[in-house]
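1. Show me how the following folds:
(one chain, ligands or ions: 1)
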Amino acid sequence: VGGAVAEELLEQGHDVLVLDNLQQGHRAAVPAGAEFVSADICEPGSLEDVLRPHKFDAVMHMAAETVVEFSLTDPWRYFQNNVVGGLNLLEAMRRHQVPKLVFSSSAAVYGEPESTPILEGHPKAPVNAYGESKLMFERILSWYGKAYGLKHISLRYFNAAGASNLLGEYHRPETHLIPNVLRAALNGAAPVPVFGTDYPTKDGTAIRDYVHVVDIAQAHVLALERLDSFTGRAYNLGNGEGYSVLEVIETARHVTTIDIPVRMGARRPGDPAVLVASSSLAKTELGWQPRFPEIGGIVESAWIWTKKHMKGYDS
Ligand code: UFG
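-> You can find the predicted model right below:
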């Protein structure tokens, strides 16, 4: 996501510095034209070294631990990186008078939805430490806004997916559905595990709202442009359309023309049954217009990238 946001910012004429510890990020995913600095939000000294010599107008903060399942077995890591690390960043910004922040939040702040599609005002009751850590940081931002005048917007991504021409997703380990399905299509070997077939959904598998990474990037730039008017707001980023795990696999079979093998399995801990966004607020207030709202186009863009990058960013 960071690489795609940097691409979009550069296209709009901004100067961009990318700060990453490369734990999950990839040096090759930093677009040409952006400056890169290796630093870590959990090391305040390294942040100081980046912020002191520069005059930044704003920060886009997307550095985080993100795997829902791991957050259940190692919550410390999630609170350490996503809350303590985030606070280090806010303090460095305060010391160096950086006035604006766009924060990568998540659908995971809602927990099991009481109503669908989810509106931003829906109760927040995270069912995993990942969602809890994102909600805590949103609340911290609101106090920084009140006390220190920080201008901030939180973007609650639903399921980020897809690829731009140059940038696609490649995690170590890979836990996400679409990259796993496409890799199974490429390698032909291990079947894709389907985590849970007894959810209260039409086909028993979990439903998610997939949103293209390029559309997420566009929302960041719009949020930055509208921070003065809409500071303090949180916006859902999704397409308002839910797809079950089996529907995503079927879409991938259609796009790849490969009969991707699957293996039915147990539920994965911490996974809600259904997460589908209402993003009308982002559309009306930010002017967000997703360019790739269809699941077919999202999977197709990821497939084109995956075929060109069989070993991720090393190829
Ligand atoms: N799934 C499988 N098999 C796989 C991988 C995933 O069946 O090999 C299932 C999951 O159990 C889930 C769905 O596919 O039901 C989507 O799983 P992902 O791992 O792709 O994404 P998540 O919904 O778990 O999480 C993603 C982000 C989170 C974010 C969340 C918000 O990784 O950071 O979306 O909706 F919080």
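
2. Point out where the stretch 101-250 of the chain drops to low pLDDT.
-> 189 (pLDDT under 70).

3. Any idea how far the strand or helix carrying E250 is from the middle of the chain?
-> Following DSSP states H and E, one finds E250 within helix 245-256. Chain-centre distance of helix 245-256: 22 Å, with C-alpha atoms, centre = their mean, to the nearest Å.

4. what's it packed up against?
-> Packing partners of helix 245-256 (3 or more C-beta pairs under 8 Å, 6 or more residues apart in numbering; DSSP states H and E): helix 177-187, strand 192-195, helix 295-308. Heads up, the C-betas are built off the backbone N, CA and C, glycines and all.

5. So is the second one next to the ligand?
-> Yes - in terms of C-beta under 6 Å from any ligand atom, part of strand 192-195 sits within range of the ligand, namely 192-195.

6. Tell me the helices and strands packed up against that strand.
-> Counting by 3+ C-beta pairs under 8 Å, 6+ apart, strand 192-195 packs on helix 177-187, helix 245-256, strand 262-265.

7. check whether the last one contacts the ligand.
-> This means strand 262-265. No - if you take C-beta under 6 Å from any ligand atom as the test, strand 262-265 misses the ligand, and the best it gets is 7.6 Å.

8. What is that strand packed up against?
-> Checked by 3+ C-beta pairs under 8 Å, 6+ apart, strand 262-265 has strand 192-195 packed alongside it.

9. thinking in terms of the whole chain, how far from its middle is the helix or strand that the strand it packs on is followed by?
-> Note on strand 192-195: by DSSP H and E, the next helix or strand toward the C-terminus is strand 207-208. Offset of strand 207-208 from its chain centre (C-alpha atoms, centre = their mean): 15 Å.

10. Over to stretch 69-77?
-> For stretch 69-77 - counting by C-alpha atoms, centre = their mean - the centre lies 18 Å from the chain centre.

11. can you give me the helices for the stretch 51-200 of the chain?
-> 68-73, 75-79, 85-95, 129-148, 177-187 (DSSP state H, counting those that start in this stretch).

12. Provide the contact partners of the third one at residue level.
-> Residues outside helix 85-95 that contact it (C-beta atoms under 8 Å, 6 or more residues apart in numbering) are 40-44, 47-48, 50-51, 56, 59, 61, 63-64, 101, 137, 140-141, 144, 148, 150.

13. try it again with 7 Å
-> With C-beta atoms under 7 Å, 6 or more residues apart in numbering as the test, helix 85-95 has contacts from 41-42, 44, 47-48, 51, 59, 61, 63, 101, 137, 140, 144, 148.
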